[in-house]
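>>> Pasting a predicted model and its sequence here:
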Amino acid sequence: ALARIVGGVNSPARSFKAVGGGAPVFMQRGRGPYLYDVDGNRYIDYLAAYGPGILGHAHPEIVAAIARAAEGGTLYGTPTPWEVELAERLHAALPSLERIRFVSTGTEAVMSAVRVARAFTGRPKVIKMEGCYHGHSDFALIAAGSGPSQLGTPDSAGVTEGVARDVITVPYNDLDSLGEALDAWGREVAAVIIEPIVGNFGVVNPAPGYLEGVKRLAHEHGALLIFDEVITAFRVAYGGAQTLLGVEPDLTALGKAIGGGVPLGAYGGRAEIMDWVAPLGPAYQAGTLAGNPLSMQVALAALEILGRPGVYERLEAESAYLADGLVAIARRHGHTVQLGRAGSMFTLFFCDEPVTDYKGAERSDPQKFAAMFRGFLDRGVLLAPSRFEAWMLSVQHTRADLDETLQIADEVLRQMV
Ligand code: PMP
């Protein structure tokens with residue numbers, strides 16, 4: 001079936017998948033925590049579509065919301081009551097978002113947040129952290145260390161050098177380097193952008209006090225603090241890393257999980273900054289599909305489910321159960337592993353030292369990761385196909401799914417050298 005679908009190099013698709021594509025399987029159906037490939041094989045899904053799949057597949061309430069929205073017509077191009085309601089719900093979850101604008105992807109959310117930061121401060125430069133990924137806009141791609149090579153490097157074709165001059169990269173969890181960069185470039189820096197909890201070189205938590213320090217340094221130099229919570233919001237906690245860790249940024253980018261399974265991004269923050277966004281202010285932002293009634297209604301259904309009592313307590317407990325179980329099995333079979341975990345996402349690093357930055361994540365053994373990925377795939381467990389990514393749980397994974405995964409892990413990790 002695979003050969004038929006790939007269709008050779010002359011296939012108009014010419015790719016395994018639009019994003020990544022490291023998993024050499026074609027999926028055709030999702031149900032609960034499972035995916036089924038074109039040959040009908042079942043996989044327990046921990047890829048979760050690279051994060052958004054926190055509700056699992058075909059969640060009945062999401063299916064109903066999509067049907068309801070479709071019945072009502074999906075393309076208006078006008079404001080709708082759902083847009084207002086969704087903004088209010090997001091504000092209730094993340095109070096730092098005093099004003100919110102909707103877009104269609106995480107990339108657009110980041111790009112728009114950076115644009116308004118530049119407009120508000122009148123400054124051109126952005127400081128980012130090595131290894132953090134902020135989407136596939138030119139600005140984010142050009143930045144050195146935007147992520148593992150295929151995610152975009154400074155020499156990514158088609159991106160002009162002028163953009164590169166405005167992006168400065170410093171290591172994550174390193175306040176001294178940030179301080180030095182701000183001392184050197186401070187008056188030109190519009191914003192410091194960061195994944196408050198990293199999901200893009202594996203899951204890496206900020207050291208105690210680090211985010212507070214980033215905020216203080218940015219503000220001392222008149223720069224804004226942007227949290228890229230495209231992965232972390234409604235993943236590490238309902239209110240994202242900022243409510244979990246108690247540090248509020250000036251601006252936040254959202255995406256992935258907020259869409260409940262349909263494309264949706266959003267950004268927002270302090271009112272005085274967001275009022276610079278058109279049509280109130282001079283910073284342009286549009287998007288034909290921004291705020292479309294389908295995305296708004298499905299997102300509302302998703303947040304309704306995720307906002308119920310106990311949802312995140314259970315995700316946290318199940319994630320800890322699976323992650324700790326995997327670590328114990330790996331160690332029993334003689335592998336040196338480090339765990340990075342935040343809420344329902346985690347990474348097993350195959351290296352000697354706990355991982356605190358991108359350089360540390362790079363030391364995680366790629367051969368071991370590849371063997372683990374393949375071992376699980378062959379036995380019906382789908383992981384993200386990169387050592388720099390995370391296992392992601394959904395509300396539909398049951399304890400039985402986790403126990404089945406641990407049983408398979410025992411075999412996979414025993415056979416790995
Ligand atoms: N920011 C972060 C932290 C992300 O993880 C991603 C996607 N992996 C993006 C931005 C870009 O979002 P999208 O792929 O929806 O454009």
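Good, I have the coordinates.

>>> So whichever strand or helix holds T243, near the ligand or not?
Assigned by DSSP states H and E, T243 belongs to helix 240-245. No: using C-beta under 6 Å from any ligand atom, helix 240-245 stays clear of the ligand, coming no nearer than 10.7 Å. Every C-beta, even on glycine, is put in place using the N, C-alpha and C of the backbone.

>>> That helix packs against which elements?
strand 224-228, strand 251-254 (3 or more C-beta pairs under 8 Å, 6 or more residues apart in numbering; DSSP states H and E).

>>> For E85, find the nearest of these.
strand 251-254 (15.8 Å; C-beta to C-beta).

>>> can you give me how far that closest one is from the chain middle?
With C-alpha atoms, centre = their mean, to the nearest Å as the basis, strand 251-254 stands 12 Å off its chain's centre.

>>> Contacts for the very next helix or strand once past it next, please.
From strand 251-254 onward toward the C-terminus, using DSSP H and E, the following helix or strand is strand 265-269. For strand 265-269, contacts defined as C-beta atoms under 8 Å, 6 or more residues apart in numbering pick out 87, 90-91, 96-110, 112-113, 116, 230, 249-255, 258-259, 274.

>>> now, which of those residues lie within helices?
A87, L90, H91, G106, T107, E108, A109, V110, S112, A113, V116, M274 (DSSP state H).

>>> who touches the fifth one in this structure?
So the one you mean is T107. So T107 contacts H134, G135, H136, S137, A140, G255, G265 (C-beta under 8 Å, 6+ apart).

>>> Give me the phi and psi for the spatially closest residue to it that is not a sequence neighbour.
Distances taken as C-beta to C-beta, 6 or more residues apart in numbering put G135 closest to T107, at 3.1 Å, once the chain neighbours are dropped. Reported as degrees, to the nearest 10, the phi and psi values for G135 are phi 100, psi -180.

>>> Residue numbers of the stretch 51-200 of the chain in contact with the ligand?
Residues of the stretch 51-200 of the chain lying near the ligand (C-beta under 6 Å from any ligand atom): T105, G106, T107, V110, Y133, H134, G135, E195, G199, N200.

>>> Drop anything exposed from those residues.
T105, G106, T107, V110, Y133, H134, G135, E195, G199, N200 (16 or more other C-beta atoms under 10 Å).

>>> Can you name the residues that contact the second one?
This points to G106. G135, D228, V230, A253, L254, G255, K256, G265.

>>> Next one: the first one from T78, what distance?
The reference is to G135. 27 Å (C-beta to C-beta, to the nearest Å).

>>> How about L326?
49 Å.

>>> what about the two, which has more around it?
Ranked by neighbour count (other C-beta atoms under 10 Å), L326 and T78 place L326 first, with 23 against 7.

>>> Determine the three-state secondary structure at that one.
helix (DSSP: H, G, I helix; E, B strand; the rest coil).

>>> So for it, what's the pLDDT?
pLDDT recorded at L326 is 98.

>>> Quick one: residues contacting it.
L348, L406, A409.

>>> So the second one, which state does it fall into?
Pointing back at L406 there. L406 is classified as helix under three-state DSSP.

>>> pretty sure it contacts D324?
No: assessed by C-beta atoms under 8 Å, L406 is found out of contact with D324, at 10.1 Å.

>>> Which stretches in the stretch 51-200 of the chain count as helices?
Using DSSP state H, counting those that start in this stretch, the helices found in the stretch 51-200 of the chain span residues 60-71, 81-93, 106-121, 138-142, 161-164, 175-185.

>>> ok, back up a step: give the buried subset of the contacts of L326 as a PyMOL selection command.
Buried residues among the contacts of L326 (16+ other C-beta under 10 Å), as a PyMOL selection:
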select buried, resi 348+409
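
>>> In JSON lines, list the contacts of L326 along with pLDDT and distance to V167.
Below are the contacts of L326 laid out as JSON lines (pLDDT from 0 to 100; distance: C-beta to C-beta, whole Å):
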{"residue": "L348", "pLDDT": "98", "distance to V167": "31"}
{"residue": "L406", "pLDDT": "98", "distance to V167": "42"}
{"residue": "A409", "pLDDT": "98", "distance to V167": "39"}
